[in-house]
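Visitor: dropping a prediction and its sequence here:
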Amino acid sequence: MRIATWNVNGLRARLDFVRHWLEARQPDVVGLQELKLSEDQFPHDALAELGYRALVHGQKAWNGVAVLVREPLEAALQQAGLPGQEEMGARLLCVEVAGLHFTTVYVPNGKTLEHADFPRKLAWLDALTDWWRSGPGAEASAVLCGDFNVVPGPLDSWDEERMAGGIFHTPQERARIEKLLGAGLADLFRERFPDERAYSWWDYRGGAFHRGHGLRIDFLLGSRAVAERVQRVEIDRDYRKKQDGLTASDHAPVLAELA
């Protein structure tokens with residue numbers, strides 16, 4: 001089974017690019033983030049042409065998450081929205097598919113340390129850990145994936161020395177990720193590549209992608225039972241580049257093969 005996570009940075013703008021990727025990579029279950037559309041705007045028909053069904057928690061113009069499931073797999077909705085955090089928008093969707101509790105999240109950005117959204121981000125991450133422990137975290141086979149908007153360690157930043165203590169790099173944010181991992185989750189990429197400097201997001205500006213100025217903020221996290229099934233995991237850098245003239249998201253997909 002091939003699972004993946006991807007912040008598409010606007011599905012309407014990126015639909016043909018996403019279709020290109022789906023045809024090329026043939027994932028079975030995909031967590032999408034930052035749809036930027038409401039549920040009634042979701043392109044079900046266009047994705048069904050490729051054999052994918054979608055469960056969607058959307059929001060007009062902002063946020064929004066979805067899970068794509070390739071036929072003949074079927075998925076059942078478990079949770080839409082993080083309980084107690086509704087004011088932060090459509091940022092969590094949990095489904096049950098092929099024996100997995102599969103959750104996709106789009107963690108608030110936080111903007112700056114001085115912005116009111118920063119403590120809200122920390123509170124959101126706290127609520128996520130509490131919900132995880134009482135829900136999917138109790139299941140043997142569970143995946144939590146998405147755009148976490150946190151750089152978990154120095155290897156995950158192109159310039160840790162300069163950025164340490166700034167947004168995405170703060171001790172407070174990193175402590176929340178550590179607490180989440182302590183709830184029985186493994187970072188599937190980092191377990192396979194403990195010493196590799198790798199990124200999943202690059203700013204559109206300043207040639208950041210070609211200069212290697214990136215951050216690893218998109219994760220596939222899995223319970224121990226899932227981590228033991230991992231045969232391969234990768235950041236799909238090729239799909240941070242243009243494909244057939246189509247413009248990429250500023251995030252690359254992250255994929256894992258499960259036995």
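Guide: Everything's here; your move.
Visitor: could I get the contacting residues of residue 30?
Guide: 3, 4, 5, 6, 22, 52, 67, 68, 253 (Cβ atoms under 8 Å, 6 or more residues apart in numbering). (Each C-beta comes from the backbone N, C-alpha and C, glycine too.)
Visitor: columns pLDDT on top of the residues you listed, output as TSV?
Guide: Output for the contacts of residue 30, formatted as TSV (pLDDT from 0 to 100):
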residue	pLDDT
3	98
4	99
5	99
6	99
22	98
52	98
67	99
68	99
253	99
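Visitor: can you give me the helices for the stretch 101-250 of the chain?
Guide: 117-134, 160-163, 171-181, 188-192, 208-211, 224-227 (DSSP state H, counting those that start in this stretch).
Visitor: got a pLDDT number for residue 139?
Guide: We have a pLDDT of 84 for residue 139.
Visitor: quick one: contacts for it?
Guide: Residue 139 touches 101, 223, counting by Cβ under 8 Å, 6+ apart.
Visitor: one step back: take the helices of the stretch 101-250 of the chain and write them to a markdown table, including mean pLDDT, distance to residue 143 and mean neighbour count.
Guide: Formatted as a markdown table, the helices of the stretch 101-250 of the chain follow (pLDDT from 0 to 100; distance: least, Cβ to Cβ, whole Å; neighbours: other Cβ atoms under 10 Å):
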| stretch | mean pLDDT | distance to residue 143 | mean neighbour count |
| --- | --- | --- | --- |
| helix 117-134 | 98 | 11 | 18 |
| helix 160-163 | 97 | 28 | 12 |
| helix 171-181 | 98 | 13 | 17 |
| helix 188-192 | 98 | 9 | 19 |
| helix 208-211 | 97 | 27 | 14 |
| helix 224-227 | 97 | 6 | 18 |
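Visitor: let me have the ones you listed in TSV, extended by distance to residue 200.
Guide: Below are the helices of the stretch 101-250 of the chain laid out as TSV (distance: least, Cβ to Cβ, whole Å):
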stretch	distance to residue 200
helix 117-134	18
helix 160-163	16
helix 171-181	14
helix 188-192	9
helix 208-211	11
helix 224-227	19
